[in-house]
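A.B. asks: could you look at this predicted model? Sequence included:
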Amino acid sequence: MGADAAIDLPAATAAYATGTDGTVGIEEEFMLLDESTLDLVPRFEELSASTAQDPVLAVSVAGELIRTEIEIRSGRGENLGEALEAQRVHRDGLFAHASRMGIRLGATGTHPWDDYRHQTFIDTEHYRRVVDGLRWVARRNATFSLHVHVGIRDPDRAIAVCDRLRPVLPMLLALSSNSPFVDGLDTGLHSARTQTFTKSFPRCGVPDAFGSWRAFCSYVELLQATDSIQEYTQVWWSVRPHISFGTVEIRICDAQSTAEESEALTGLIVACALQAARDHDEGRPVEHLPARLIEENLWRAIRNGRSGRLVDWDAREEYPSAGALDRLLAWTAPVRAEQGIDPVFPERNGAERQRDRVADGASPAEAFAAAVAETQATYPASPDDDDAQERST
């Protein structure tokens, strides 16, 4: 997944019409780091060329905008378990290739001290178009995230799922926040990635509630007719129908420092999408919140992550952001019971752990190094000896 997507709405309609509920695809973005300094290093082409020799990795590794980033993709799994198993195999291969090349892979939403002005871009037609169209906005975007695709049959149902997931986005962000440091600064935020990317890119963040596939298509056709977009992947919403795959793609989460957290979030996201589809099928009433109210919660998630407070707009009252997990688990209980999805999260998420370390006297660089050690210890099945030594100190 992640390939350039031409705007072929009739083909997309057919893909959804013949689609299957509950297929899953996972995309995880990692930063490429110097082993010694943990500086970002522009070595995507080298690592990609190395993985291209492996027939499995050749189709699961992809580039993103910048040359200091690499993405690993599960491909289509018929269910969550199948996608996770495939992703584990792909991660093992990627981490092994990176280790042999002297590259560390990191997984936080932002790099704490990188100077974005020195970033260079991968050379593809799609990303040349992005850079030419967005200029400083593209250059400023050195961010890393987790994307999850969930198959939804029927185009109108896919739009209904996107519509129903809009107020869920801030809740997922609060749980996944993992980027407190950027540009050499403690930003005071828990998800600087979201502020950098989601609040800067056009056609990004919380979409409107479209109500129907026809209304959605009319919007895309208008963008195309007015030369606002040349390809569909220039629509960067935090939840969107992905017209190439017949899926709903949820794109709100920061990259996770541990594999366990990434997999827990993936399971929770899949459950949310499938529960939204079930609620639609059963005719459960929904009142689509105005974007301004969802954006209020999105800001709260950016600012304080899991440590803050969100707003229950129906009750007109605040609740602790950490309670978002219990709310989502309660809502998705029917689907999770059927699918065997039981996500387990640590008490403190990535942003909280980094902030805890700083509060205990570590520098942001040291807190980041600890997060990188978590990634090296959990994503590959067999961490190398250096990683094991690092964990023991």
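C.D. replies: Noted; the coordinates are in hand.

A.B. asks: going by C-alpha atoms from here, please, whenever you check contacts or count neighbours.
C.D. replies: OK.

A.B. asks: who's in contact with the helix or strand where residue 268 lies?
C.D. replies: Assessed by DSSP states H and E, residue 268 sits inside helix 259-281. Residues outside helix 259-281 that contact it (C-alpha atoms under 8 Å, 6 or more residues apart in numbering) are 21-22, 24, 26, 80, 84, 146, 148, 150, 152, 157-158, 160-161, 164-165, 176, 248, 250, 255-256, 328-329, 331-332, 334-336, 341-346, 375, 378-379.

A.B. asks: in the stretch 1-150 of the chain, where is pLDDT below threshold?
C.D. replies: The stretch 1-150 of the chain contains residues with pLDDT under 70 at 1-6.

A.B. asks: mind running it again at 50?
C.D. replies: 1-5 (pLDDT under 50).

A.B. asks: what about the strands in it?
C.D. replies: 24-34, 61-62, 69-73, 103-106, 145-151 (DSSP state E, counting those that start in this stretch).

A.B. asks: then the stretch 251-393 of the chain?
C.D. replies: Using DSSP E, counting those that start in this stretch, strands in the stretch 251-393 of the chain cover 309-312, 317-320.

A.B. asks: quickly note the distance from residue 319 to residue 310.
C.D. replies: Relative to residue 310, residue 319 is positioned 6 Å away (C-alpha to C-alpha, to the nearest Å).

A.B. asks: ok, the two, which is more surrounded?
C.D. replies: A count of neighbours by other C-alpha atoms under 10 Å puts residue 310 above the other of residue 319 and residue 310, at 26 against 12.

A.B. asks: quick one: pLDDT of that one?
C.D. replies: The score at residue 310 is 98. That number is its pLDDT.

A.B. asks: cool, residue 232 as well?
C.D. replies: Residue 232 is given a pLDDT of 87.

A.B. asks: can you classify residue 211 by secondary structure?
C.D. replies: Under DSSP: H, G, I helix; E, B strand; the rest coil, residue 211 falls in the coil class.

A.B. asks: before we move on, back to that, to residue 215, which of the strands of the stretch 251-393 of the chain lies closest?
C.D. replies: Of all the strands of the stretch 251-393 of the chain, it is strand 309-312 that lies closest to residue 215, at 28.3 Å by C-alpha to C-alpha.

A.B. asks: returning to what we had before: could the strands of the stretch 251-393 of the chain go into CSV alongside distance to residue 183?
C.D. replies: Supplementary listing: those in CSV, determined by distance: least, C-alpha to C-alpha, whole Å:
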stretch, distance to residue 183
strand 309-312, 26
strand 317-320, 29
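
A.B. asks: contact partners for residue 112?
C.D. replies: 180, 181, 182, 183, 184, 185, 364, 365, 368.

A.B. asks: now distance to residue 15 too, for these, in TSV please.
C.D. replies: Output for the contacts of residue 112, formatted as TSV (distance: C-alpha to C-alpha, whole Å):
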residue	distance to residue 15
180	39
181	41
182	40
183	42
184	45
185	45
364	46
365	46
368	42
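
A.B. asks: quick one: which of those has the most company?
C.D. replies: Going by other C-alpha under 10 Å, residue 180 tops these with 30 neighbours.

A.B. asks: just checking, it touches residue 195?
C.D. replies: No. With contact defined as C-alpha atoms under 8 Å, residue 180 does not count as touching residue 195 (10.7 Å).

A.B. asks: quick one: contacts for residue 240?
C.D. replies: Going by C-alpha under 8 Å, 6+ apart, residue 240 touches 162, 207, 248, 249, 250.

A.B. asks: and what about the last one, helix, strand or coil?
C.D. replies: Pointing back at residue 250 there. The assignment at residue 250 comes out as strand when based on three-state DSSP.

A.B. asks: count of neighbours near it?
C.D. replies: 25.

A.B. asks: hmm, it is touching residue 236, no?
C.D. replies: No. Using C-alpha under 8 Å as the test, residue 250 is too far from residue 236 to be in contact (10.5 Å).

A.B. asks: related to what we said a few turns ago, go through the strands of the stretch 251-393 of the chain and pick out the most buried.
C.D. replies: strand 309-312 (a mean of 19; mean count of other C-alpha atoms under 10 Å).

A.B. asks: given it, what are its sheet partners and their directions?
C.D. replies: strand 317-320 (antiparallel) (DSSP bridges).

A.B. asks: give me the contact list for the partner strand.
C.D. replies: The contact list for strand 317-320 (C-alpha under 8 Å, 6+ apart) reads 306, 307, 308, 309, 310, 311, 312.

A.B. asks: what's the most distant pair in these?
C.D. replies: Top of the distance list for the contacts of strand 317-320 (C-alpha to C-alpha): 307 and 312, 16.1 Å.

A.B. asks: ok, and the closest non-adjacent residue to residue 108?
C.D. replies: Excluding the flanking residues, the one nearest residue 108 by C-alpha to C-alpha, 6 or more residues apart in numbering is residue 255, at 5.1 Å.

A.B. asks: how much space separates that neighbour from residue 17?
C.D. replies: Counting by C-alpha to C-alpha, the gap from residue 255 to residue 17 is 32 Å.

A.B. asks: re the thing from before, as JSON lines, the contacts of residue 240 with distance to residue 260 and pLDDT would be great.
C.D. replies: Converted to JSON lines, those look like this (distance: C-alpha to C-alpha, whole Å; pLDDT from 0 to 100):
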{"residue": "162", "distance to residue 260": "26", "pLDDT": "98"}
{"residue": "207", "distance to residue 260": "29", "pLDDT": "95"}
{"residue": "248", "distance to residue 260": "23", "pLDDT": "98"}
{"residue": "249", "distance to residue 260": "20", "pLDDT": "98"}
{"residue": "250", "distance to residue 260": "18", "pLDDT": "98"}
